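Student: kindly return the folded structure for what I paste below:
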Amino acid sequence: MPVERTEARWAEELHKYYEVYETVGSGGFAKVKLGRHILTGEKVAIKIMNKKDLGDDLPRVKVEIEAMKNLSHQHICRLYQVIESSTQIFMILEYCPGGELFDYIIAKERLSEEETRVFFRQIVSALAYIHSHGYAHRDLKPENLLIDGDHNLKLIDFGLCAKPKGGLGYELMTCCGSPAYAAPELIEGKAYIGSEADVWSMGVLLFALLCGYLPFDGDTCMVLYKKITRGKYDNPRWLSPGSILLLNQMMQVDPKRRVTVRQLLDHPWVMKDYNSPVEWCSRQPLGHIDEDCITEMAVNMKRSRESTIALVKEWHYDHITATYLLLLSKKQRGQPVRLHPEPLASEDAVSPLHGRLQTKKALHFTDDDDAVILDSLDLCSDYIDDCQWISVTQHTPQGAREKTERMTDDKRLASPQVDKRCAQNTTPVRGQAPVQHRQERRRRRDREQTSENKENVALQGKDVEIFALPLPRTPASGKKMPRPNKNVPNQNVSNGTRGTAVTSKVGESGSKDPSKKKAAESKESNLEILAFSPERRSRSLDMAGSGDSGKKGRGGRVFGSLERGLDKVITMLTPSKRRALRDGPRKIKAQYNVTLTGQTNPDQVLNQILSALPAKNVDFSKKGYTVKCRTWDDFGKVTMAFELEVCLLHRPEVVGVRRQRLKGDAWVYKRLVEDILSTSSI
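Tutor: A predicted model of the protein is given here:
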């Protein structure tokens, strides 16, 4: 039980500050979900890791977190927050919508020398910064470089990085990284310098950018290792002399003859078409405090600027750190430095109710439609109570209003969930009675108990039937009640089940004197609202659509908008509607990880893929138009996992196949997927 309470507390910590959406990536031990920071509205990537699944790799995660806390650079993925429990680790990271550089290379087959130079300068900048802080990355490859929204590279995955205590010149012994990018000295088991090994990996990466394939490759690891230790590779004919020279300088078998990162900053090939060396210093230095971000946070937290600065400077990588860094990111992109006091509603939301539903749906109930519907009904009930409070306070005289307020409060106080929600929500929103008003009414009730009792007795003496219990409710038919005829003065509301005595008296007084009739109708309107108790809130929609006066008051507008809102909620949460959305393929924009087919029938493309998979010894499972594929080794271990999704493109309007690697060697995955698609005649 203590462990469960701890896990719930950390899950609440995540869901309190972030909206969590779909999975955007997954690997052997981690899953990455798209999220949104509620206060700033910024998108983030939430890396979720289970400690039990990590096993011996758990120290790697600790190393990665510690390194990312100490590194801050424009071409390094930014860490915002770390949430750790006894079983899980959540890393809140900078979101890069462009995906992996590897997929970008595959989509374009190979990059031009000009585009390669742009990317390579950014890689050199990041590596020079890392080395200046005493770190060696040791796992540099296209899969560990992401493309952000501005088409710039961000280096990730510092799980294999090393920071020798004796400095970067201290020799290392651990053989790690990806075999195709590993330096010869690592493969031979020799002691090596981390920065020199990084330069070799950068050379392999540069070759992959310019050529679209690897310089060293083989069917087995032994064949691959022999090629790497010899350092022999073939240069394709399209490489320029400058590119060939630079590759040769970087991929020298003898590490002492390799070019250094410092020399790469102003290398002639790197400087071509540029007037300055590579800028490797950080534009986002650690410890920098921005005055505008601090001011906005201080106002939001109701603290002094000095105390806010002190909190930020602790750099605990908690929610304070995340809020500051995300605000700073907004400012650097030229966006307003503003915090949202409320969770952001979806674009389709038209009321606070929809915003609350969207938030709860995104955070807690993505895999349980029943839980969503039950929670939605609970929220609808609360929202009706809130709207009822507005209607009563706007239409009821002062004396009767206070009594009705007490009736509503008694209903609210009877529910511990409402008490708990009121204790947590002290910020008033549209359609919700402020907490301070409720507390004031409860104090006023005790002071005016005697006078209120006398007033109630007087009211009961005048009209005993006003507060008569309603007739038993009948099951709702699901249809709206017909709008009453405005020309019939004595037409009752809700099919005559409520207010019979009131309408009869109004009819009698109206037949004698028009002025008395008008006063009686006003009295009837007030008393009808007064008689509307919380137990009958299910009939509020009927009351909103009818009225004897022919005028639509503010209360009618409130309930009318509620009715439309509930209709939209029902439509949104109906399982049949949700299933209907999955009946066809998704429509997406053209992306570099989407292969165009030239066909217009998605079902035909899907069937072609499914028929080609068994011949390639690929196991698969299909869900809609998404095919999850896996390959196994002789010992029953998954060696490769990837997704193929048949989708429709907006422009041009053709069928495409989206590819996503989940696990396994990137270049083996590339060859396998190309083979599957070519066999499928796509």
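Student: for Y625, give me the pLDDT.
Tutor: Reading off the confidence values, Y625 has pLDDT 92.
Student: same question for P142.
Tutor: Listed pLDDT for P142 reads 94.
Student: surely it and V204 touch.
Tutor: No - assessed by CB atoms under 8 Å, P142 is found out of contact with V204, at 9.7 Å. C-beta coordinates here come from the backbone N, C-alpha and C atoms, glycine included.
Student: more neighbours: those two, which one.
Tutor: Taking neighbours as other CB atoms under 10 Å, P142 and V204 compare with V204 leading, 25 against 21.
Student: phi, psi for that one please.
Tutor: In terms of degrees, to the nearest 10, the main-chain angles of V204 are phi -60, psi -40.
Student: measure it to N70 for me?
Tutor: V204 sits 27 Å away from N70, going by CB to CB, to the nearest Å.
Student: F90 now?
Tutor: Distance of F90 to N70, given as CB to CB: 20 Å.
Student: over to T323?
Tutor: Distance, T323 to N70, using CB to CB: 20 Å.
Student: ok, the two, which is more surrounded?
Tutor: Taking other CB under 10 Å, T323 and N70 do not tie; T323 has more neighbours (25 against 15).
Student: doesn't that one lie inside a helix?
Tutor: Yes - under DSSP: H, G, I helix; E, B strand; the rest coil, T323 falls within a helix.
Student: mind listing what the residue lying closest to E109 once chain neighbours are set aside touches?
Tutor: Among residues not flanking E109 along the chain, G212 sits closest, at 4.8 Å (CB to CB, 6 or more residues apart in numbering). Residues near G212 by CB atoms under 8 Å, 6 or more residues apart in numbering: I105, I106, K108, E109, R110.
Student: now for those: which two are most distant?
Tutor: Pairwise distances across the contacts of G212 peak at 9.8 Å for I106 and R110 (criterion: CB to CB).
Student: more neighbours: those two, which one.
Tutor: Between I106 and R110, counted using other CB under 10 Å, the more crowded position is I106 (23 against 17).
Student: tell me which element that one is part of?
Tutor: Here I106 sits within helix 101-108, counting by DSSP states H and E.
Student: contacts for whichever helix or strand comes after that helix, please.
Tutor: Helices and strands here follow DSSP H and E; after helix 101-108, the next one along the chain is helix 113-132. In this structure, residues lying in contact with helix 113-132 by CB under 8 Å, 6+ apart are 71, 73-76, 101, 111, 136-137, 140, 145, 152-153, 155, 161, 168, 195, 198, 202, 205-206, 209-210, 240, 243, 261-262, 264-265, 269-270, 272-274, 278-282.
Student: kindly recompute the last result at 6 Å.
Tutor: 73, 75-76, 137, 153, 155, 168, 195, 198, 206, 209-210, 261, 264, 278, 280 (CB atoms under 6 Å, 6 or more residues apart in numbering).
Student: again with stretch 60-73
Tutor: Applying CB under 6 Å, 6+ apart, the set of residues contacting stretch 60-73 from outside is L79, V82, A126, Y129, F158, G159, C161, S282, Q284, L286.
Student: let's go with 7 Å and repeat that
Tutor: Residues from elsewhere that reach stretch 60-73 (CB atoms under 7 Å, 6 or more residues apart in numbering): 49, 54, 79, 82, 89, 91, 126, 129-130, 133, 135, 158-161, 282, 284-286, 317.
Student: repeat that for stretch 214-228.
Tutor: P179, A180, A182, P184, I187, V204, F207, A208, Y233, W667.
Student: looking at those, which is nearest L14?
Tutor: Nearest member of these to L14, counting by CB to CB, is W667, at 35.4 Å.
Student: return the set of buried residues in the host helix or strand of the closest one.
Tutor: W667 is part of helix 666-679 when elements are defined by DSSP H and E. The neighbour-count check on helix 666-679 (16 or more other CB atoms under 10 Å) flags A666, W667, Y669, K670, L672, V673, I676, L677 as buried.
Student: do the same with stretch 313-321
Tutor: Burial within stretch 313-321, assessed by neighbour count using 16+ other CB under 10 Å, is assigned to Y317, D318, H319, I320, T321.
Student: re the thing from before, now do the helix holding I106: which elements does it pack against?
Tutor: Contacts defined by 3 or more CB pairs under 7 Å, 6 or more residues apart in numbering; DSSP states H and E place helix 101-108 against strand 145-147.
Student: what about the spatially closest residue to N593 that is not a sequence neighbour, distance to C77?
Tutor: Spatial nearest neighbour of N593, chain neighbours left out: D103 (4.3 Å); criterion: CB to CB, 6+ apart. Distance of D103 to C77, given as CB to CB: 16 Å.
Student: ok, T631 next?
Tutor: Distance from T631 to C77, by CB to CB: 29 Å.
Student: more crowded one of these two?
Tutor: Per other CB under 10 Å, whichever of T631 and C77 has more neighbours is C77, with 23 against 18.
Student: L145 is in contact with that one, correct?
Tutor: No - if you go by CB atoms under 7 Å, C77 and L145 don't touch, sitting 9.4 Å apart.
Student: mutual contacts of the two, please.
Tutor: Jointly contacting C77 and L145 under the rule CB under 7 Å, 6+ apart are L155.
Student: look at the closest residue to V594 other than its chain neighbours and give its secondary structure.
Tutor: Spatial nearest neighbour of V594, excluding adjacent residues (CB to CB, 6+ apart): G656 at 4.3 Å. Using three-state DSSP, the structure places G656 in strand.
Student: surely G656 meets L649?
Tutor: Yes - assessed by CB under 7 Å, G656 is found in contact with L649 at 5.0 Å.
Student: so between these two, which is more surrounded?
Tutor: When G656 and L649 are compared for neighbours, G656 comes out ahead with 26 against 18, by other CB under 10 Å.
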